[in-house]
Every structure is written in structure tokens, then in C-alpha cells.
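Enquirer: Structure, please.
(2 chains)
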Amino acid sequence: RKEVEQDPGPFNVPEGATVAFNCTYSNSASQSFFWYRQDCRKEPKLLMSVYSSGNEDGRFTAQLNRASQYISLLIRDSKLSDSATYLCVVTRGGTASKLTFGTGTRLQVTL
Amino acid sequence: NAGVMQNPRHLVRRRGQEARLRCSPMKGHSHVYWYRQLPEEGLKFMVYLQKENIIDESGMPKERFSAEFPKEGPSILRIQQVVRGDSAAYFCASSPGQGVRNEQFFGPGTRLTVL
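Expert: Numbering: from 1, shown residues only, chains lettered A, B, ... in the order given. All right, here's what the predicted structure looks like:
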């Protein structure tokens, strides 16, 4: 079983739609959680950290459920520029700072 | 303030040759991480280095791969006797310190193609 699992998609949505991505992780020792965005053939870039209390950054909302080992990302009012692959990332933290990536969920926003 | 620099951006090697990938971290960053992304797969951790020290190499293949981060100069990921399966994008990331609150900033990657 993969340590971080995501639905690969693609999710094809019209501009203005709301779309949600989910991610599950298997290692209960995971301490920190992130969503990264990766455009085609580019490097991943941090979109937002994910906290147990949930957090929002503009049109983006991230949630963490430690009991279910489940992370979500909600994008409201989708823009064409949101088209990318969204990577769910976990780390055990402390000295083990390596990031463990999911394979990503591809989003395509259309006119 | 320049970001993480990687070169070359594209590298073509024939089977059996050596590949050297270079990474210069962001100014002020002393921690470097290498990740590999195979086609249609997620990024996989390879190695974590600080200046002159390998901290975690649990993701490195046991043979042909090595990494260093000398006191002066960039970090180098070296692949000896490359095979077709080594074709991938190799990303380097840097952070200013240890621990999860130190965001890792990624370089543009080196795309290695083995013929």
C-alpha cells in the first residue's frame, strides 16, 4: 500500500466550479501535511500547509482528519490558471524532514 | 534573491556513462534534498544532506548513486553507469534549517534521458 494515496483524476471542471480533492496517508506517525501544486514539467511549489483546525487561503481550504488519516483540499470559484496537478505531501517531521508525496490529482479547468 | 538553481536542465547520456547533476541551494540555506520523479509517478525522496554530511540516504539506490554537499560549491548527485531506468526528472530542494516548519523550496529540476 502506498504511504500517500490520491485519486489521479483527471478532474475536468468548468470555470467557476467548486472542486474537492482527497488524500489518505497510512503512517500514523505523520506529523505535518501539505498541498503542493505542480504544473506540467515544472517543479512542485507549496500551495498551503494543512492544520487539524482547518485553514483557508483565499479560494483554497484545506482540512485534516487525523483520526481517519485523511486530508482534503477544496478549491472554490475555479480559474483556468488552477489547472495543474495537486500533490498531497506528508512528513514525520523532526529530524526526518523528507517529504513523502502522493502521485497527484490532475485538475483541468475549462471555459 | 535567486532561488534554487539546478544544472544542467536537460542531460542526455548513453547507457554506461556517468551523469552529474548539480544543485545550488538558495542563499542562506544549508540543507539540501534530492528527489526523483519517474514518468507518470510521484516524487520520491532520495537523500538529505547538510554541508559535508549525509543525514538521510534511505531513498538512494544501493548501487551507482552517490551524493555530496561539499563545504564549498553545489551539491552533486552522481549516477554511474546509467541505465534506461534512470531516465527521470531529478529535483533538488533546499531549506534554511531542519524540521517541518522549514519549507523546502524546489529547483527547476534536471531531466535525465538515457539512450
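
Enquirer: Any stretches of chain B with poor pLDDT?
Expert: Regions of chain B meeting the criterion pLDDT under 70 cover residues B:1, B:98-102.

Enquirer: Run through chain A and note the low-pLDDT ranges.
Expert: Residue ranges of chain A with pLDDT under 70: A:93-96.

Enquirer: Contact residues of chain B facing chain A?
Expert: On the criterion C-beta under 8 Å from any C-beta of the partner chain, chain A has as its neighbours in chain B the residues B:31, B:33, B:35, B:41-45, B:48, B:55-56, B:58-59, B:89, B:91, B:93, B:95, B:98-100, B:102-104, B:106-109, B:111. Glycine gets a C-beta too; all of them are placed from N, C-alpha and C.

Enquirer: Could I have the buried ones of the residues you listed as ChimeraX selection syntax?
Expert: ChimeraX command restricting those to the buried ones, with burial defined by 16 or more other C-beta atoms under 10 Å in any protein chain shown:
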select /B:31,33,35,42,43,44,45,48,55,56,59,89,91,93,95,98,100,104,106,107,108,109,111
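
Enquirer: who's in contact with residue A:6?
Expert: Applying C-beta atoms under 8 Å, 6 or more residues apart in numbering or on different chains to residue A:6 gives the contacts A:21-23, A:87-88, A:102-105.

Enquirer: Go through those and say which is closest to chain B.
Expert: Chain B has its nearest neighbour among these in residue A:103, at 4.0 Å by C-beta to the nearest C-beta.

Enquirer: Can you give me the distance of that closest one to residue B:26?
Expert: 27 Å (C-beta to C-beta, to the nearest Å).

Enquirer: So between the two, which is more surrounded?
Expert: Regarding residue A:103 and residue B:26, a neighbour count based on other C-beta atoms under 10 Å in any protein chain shown identifies residue A:103 as having more, with 19 against 16.

Enquirer: Spell out the residue ranges of the strands in chain B.
Expert: B:5-7, B:10-13, B:19-24, B:31-37, B:43-50, B:53-56, B:65-68, B:75-79, B:88-95, B:105-106, B:110-114 (DSSP state E).

Enquirer: Which residues does the fourth one contact?
Expert: What that stands for is strand B:31-37. Contacts of strand B:31-37 from elsewhere in the structure, counted by C-beta under 8 Å, 6+ apart, are A:97-99, A:101, B:23, B:25, B:43-50, B:67, B:69, B:75, B:77, B:88-98, B:102, B:104, B:109.

Enquirer: For residue A:61, see how far away the most centrally placed residue in chain B is.
Expert: By C-alpha atoms, centre = their mean, the mean C-alpha position of chain B lies nearest to residue B:34, the distance being 3.5 Å. With the distance defined as C-beta to C-beta, residue B:34 ends up 32 Å from residue A:61.

Enquirer: Could you do residue B:70 as well?
Expert: The value you get for residue B:70 to residue A:61, if C-beta to C-beta is used, is 43 Å.
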